[in-house]
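Enquirer: this one's structure only:
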């Protein structure tokens, strides 16, 4: 590990944030000894990982902001290429707390808020088709009849669950 830390320091001028102490021990017990962690252990480990990700993304955002913005634009353009012709394209940003596009908002971000945002993201992802149907209806890209058909299809999927 010291080699990695020294090389990182030589390249970036700072030491990387690494899990230490009990969190490192917990990881090793789980991976190497088959320990099944408790909910509280998982939560504490998640907080430690969140802080590690937050530290590195914050550093990257400060040092490589323009490059990160170019990566985001390229990522969105690649996703847009997969959209069938005739559909409108929109981008929704949900502050997950572990995204290069939102690292500047981390002063107010806590691990608990990250968990809440992740739950919200899953709800939106599960309902993306109905959200897009409404968006396309409002924009006039689909008819009310097409929107109703999509909703009935989505409703049937929920009933089957």
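Expert: Received it, and whenever you're ready, just let me know what you need. Keep in mind the model is a prediction, meaning the values are calculated, not measured.
Enquirer: For residue 37, which three-state class applies?
Expert: Counting by DSSP: H, G, I helix; E, B strand; the rest coil, the backbone at residue 37 sits in coil.
Enquirer: Next: residue 83.
Expert: Once three-state DSSP is applied, residue 83 turns out coil.
Enquirer: Cross-check the contact I'm expecting between it and residue 89.
Expert: Yes: between residue 83 and residue 89 there is a contact at 5.6 Å, judged by Cβ atoms under 8 Å. To be clear about C-beta, it is placed using only N, CA and C from the backbone, and glycine gets the same treatment.
Enquirer: The residue sitting furthest away from the middle of the chain in helix, strand or coil?
Expert: Each residue of the chain has a distance to the centre, and by Cα atoms, centre = their mean the biggest one is for residue 145: 34.2 Å. In three-state terms, and counting by three-state DSSP, residue 145 is helix.
Enquirer: Roughly how far does it sit from residue 86?
Expert: 16 Å (Cβ to Cβ, to the nearest Å).
Enquirer: what packs against the least confident helix or strand in the chain by mean pLDDT?
Expert: The helix or strand of the chain with the poorest confidence is helix 128-139; it has a mean of 71 (mean pLDDT, DSSP states H and E). Applying 3 or more Cβ pairs under 8 Å, 6 or more residues apart in numbering; DSSP states H and E, we find helix 128-139 packed against helix 144-160.
Enquirer: Return the set of buried residues in the helix it packs on.
Expert: 147, 150, 154 (16 or more other Cβ atoms under 10 Å).
Enquirer: Mind picking the one among those that's closest to residue 56?
Expert: residue 154 (38.3 Å; Cβ to Cβ).
Enquirer: hang on, the earlier thing: now the angle from the least confident helix or strand of the chain to helix 144-160?
Expert: Helix 128-139 and helix 144-160 are oriented at 160 degrees to each other (axes from the mean of the first three to the mean of the last three Cα atoms, to 10 degrees).
Enquirer: Including pLDDT, could the buried residues of helix 144-160 go into TSV?
Expert: Formatted as TSV, those follow (pLDDT from 0 to 100):
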residue	pLDDT
147	75
150	75
154	71
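Enquirer: Show me which of these is closest to residue 70.
Expert: residue 150 (34.9 Å).
Enquirer: residues touching that closest one, list them.
Expert: 129-130, 133, 142 (Cβ atoms under 8 Å, 6 or more residues apart in numbering).
Enquirer: who's in contact with the least confident helix or strand of the chain?
Expert: 87-88, 90, 124, 142-144, 146-147, 150-151, 153-154.
Enquirer: Go through that helix and flag the buried ones.
Expert: 130, 132-133, 136-137.
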